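> turn this into a model:
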Amino acid sequence: MSKFFYSVLDLKAWSKVTDDQYLLLVDESSINLKSSSNGFVNLYFSSECRLQDLDNGEDIQIIPSESGYIATLAVKKNSVKSVTVTKGRNANLSVIFSGDVISNNVIECLVSLGYKLPQSDVFEKGFPENASHRYVIFTSFGNDNSPVEGFEFEGHFKNIEDGVLFLRDNTRQWYQGGITGFSSSFEETCLKLRNFIAGAENVTFVGVSMGGFAALQFGQYLSVSRILVVSPQINISTSFRNEIRETRWKRHLDLVNQKFSERQLLMKVPPNSSKTLVEIFVSSNDELDMKHVSAFPISSNVTVHLVDSDDHYLAGRLASSGELFRALFPS
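The predicted structure follows:
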């Protein structure tokens, strides 16, 4: 990923709302930000932003920090508390705000350069009502330098025509903030998943790493028949990550913890979730993955498969050996 940052965004659309607050006002639901190179960038704003034409305002500037990834959005006047940029699409710049005002005129944001985000992060095969067994596949984090373009385990389901829902989260928010083309919030994701699995005799949620976290979280909330995960995160709260000295995906998980409540991030097991069969595959010699799995409440409905490996990317090995296929479709 390039560490070049767009230093000046040619935007004049700030309007005073109160003595200490300025609000970004734009035409329709997007604005064109002129970068110092590579043309224009479209950023899409949340519904919290009032939208209208404005001919004057203040220039804004993105100033990179030493890390090369976290930047600050600075305005020339007072703080901008009401503006939340949720994602950038179809361009070379993606900005995600933490939502916290650092000082009177600076908001922390995450800037990612160098690739285009997909239009949709959902793929549904056929008609779920035709399938008595339905599957939901949560794709993993992928490569930080590019968006995830495919879906986890597509090849394993090539012979299944109906009842498979593939999801991915290119915002890298561990599926907590909605899924592009599918939902706009955690609550809406739960609702859409509930509708997808309604009436099915058997439901399996599957995920790897970040996707494993989502499969466990949503699968337990919805009390599905079975959850199958590989190298999952169990707890992504800041306190737990500090406790086990977890630094993987730090900049993304720091923002997730700033944006979403710890109550949402912590898995609360519903009383009736004991009927959900949980299978966890983990590398026995990967210290951090083992610490995560050790934090999962073990009971009679939970099976942990310890694989002699030190690799977090265990799913590829399981797929190559055929063990993953056998786990997905037990005879």
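
> could you list the low-pLDDT ranges of the stretch 151-300 of the chain?
Residues of the stretch 151-300 of the chain that meet the criterion pLDDT under 70 lie in 267-274.

> residue 327 reaches residue 318, doesn't it?
Yes - with contact defined as C-beta atoms under 8 Å, residue 327 reaches residue 318; the gap is 7.5 Å. In short, each C-beta sits where N, CA and C put it, glycine included.

> what is in contact with the two at once?
Common contact partners of residue 327 and residue 318 (C-beta atoms under 8 Å, 6 or more residues apart in numbering): residue 281.

> okay, those two: which has more neighbours?
Neighbour tally, residue 327 and residue 318, criterion other C-beta atoms under 10 Å: the higher count belongs to residue 318, 21 against 15.

> next, the contact list for residue 139, please.
Under the criterion of C-beta under 8 Å, 6+ apart, the neighbours of residue 139 are 148, 150-152, 166-169, 207-208, 211.

> filter those residues to the buried ones?
Under a neighbour-count criterion of 16 or more other C-beta atoms under 10 Å, the subset of the contacts of residue 139 counted as buried comprises 148, 151-152, 166-169, 207-208, 211.

> kindly reformat those residues as CSV containing secondary structure.
Formatted as CSV, the buried ones among the contacts of residue 139 follow (DSSP: H, G, I helix; E, B strand; the rest coil):
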residue, secondary structure
148, coil
151, coil
152, coil
166, strand
167, strand
168, coil
169, coil
207, strand
208, strand
211, helix
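
> closest one to residue 135 out of those, please.
The closest of the buried ones among the contacts of residue 139 to residue 135 turns out to be residue 166 (C-beta to C-beta; 8.8 Å).

> so what's that closest one bridging to?
With beta bridges defined as DSSP bridges, residue 166 has these partners: residue 123, residue 137.

> was I right about it contacting residue 120?
No - taking C-beta under 8 Å as the contact criterion, residue 166 and residue 120 are not neighbours in contact, 10.7 Å apart.

> surely residue 160 is within a helix?
No - residue assignment for residue 160, taken from three-state DSSP, gives coil, which places it outside any helix.

> check contacts around it.
Applying C-beta under 8 Å, 6+ apart, one finds that residue 160 lies in contact with 125, 131, 135.

> and residue 316, that one's in a helix?
Yes - secondary structure of residue 316, determined by three-state DSSP: located in a helix.

> kindly state the domain boundaries assigned to the chain.
Using automatic domain parsing, the domains assigned to the chain come out as 8-113, 122-328.

> okay, how far is it across the last one, tip to tip?
With C-alpha to C-alpha, to the nearest Å applied, domain 122-328 spans 20 Å between its terminal residues.

> do stretch 307-324 as well
One end of stretch 307-324 to the other measures 12 Å (C-alpha to C-alpha).

> and the contacts of that stretch?
Contacts with stretch 307-324, where a contact means C-beta under 8 Å, 6+ apart, come from 140, 152-153, 156, 208-209, 230-231, 281-286, 288-289, 325, 327.

> please repeat the previous calculation with a cut-off of 10 Å.
The list of residues contacting stretch 307-324 from outside it, by C-beta atoms under 10 Å, 6 or more residues apart in numbering, reads 140, 152-153, 155-156, 206-209, 211-212, 228-231, 248, 281-289, 305, 325-328.

> now it: buried residues?
By neighbour count, with 16+ other C-beta under 10 Å as the criterion, the buried positions of stretch 307-324 are 307, 309, 312, 314-315, 317-319, 324.

> can you check stretch 275-291 too?
276, 278-283, 286, 288-291.

> also stretch 257-267?
257, 259-260, 265, 267.

> farthest-separated two in the residues you listed?
Across the buried residues of stretch 257-267, no pair lies farther apart than 259 and 267, at 17.7 Å, counting by C-beta to C-beta.

> quick check: residue 292 is in a strand.
No - with three-state DSSP as the criterion, residue 292 is located in helix rather than a strand.

> and the gap between the nearest residue to residue 163 once chain neighbours are set aside and residue 297?
Counting by C-beta to C-beta, 6 or more residues apart in numbering, residue 131 is the residue found nearest to residue 163 once chain neighbours are left out, at 2.7 Å. When distances are taken as C-beta to C-beta, to the nearest Å, residue 131 and residue 297 turn out to be 31 Å apart.

> which of the two has more residues huddled nearby?
Under the criterion of other C-beta under 10 Å, the comparison of residue 131 against residue 297 puts residue 131 first, with 18 against 10.

> still on that earlier bit, possible to save the contacts of residue 160 as TSV with pLDDT, secondary structure and distance to residue 242?
Formatted as TSV, these follow (pLDDT from 0 to 100; DSSP: H, G, I helix; E, B strand; the rest coil; distance: C-beta to C-beta, whole Å):
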residue	pLDDT	secondary structure	distance to residue 242
125	86	strand	41
131	85	coil	43
135	96	strand	35
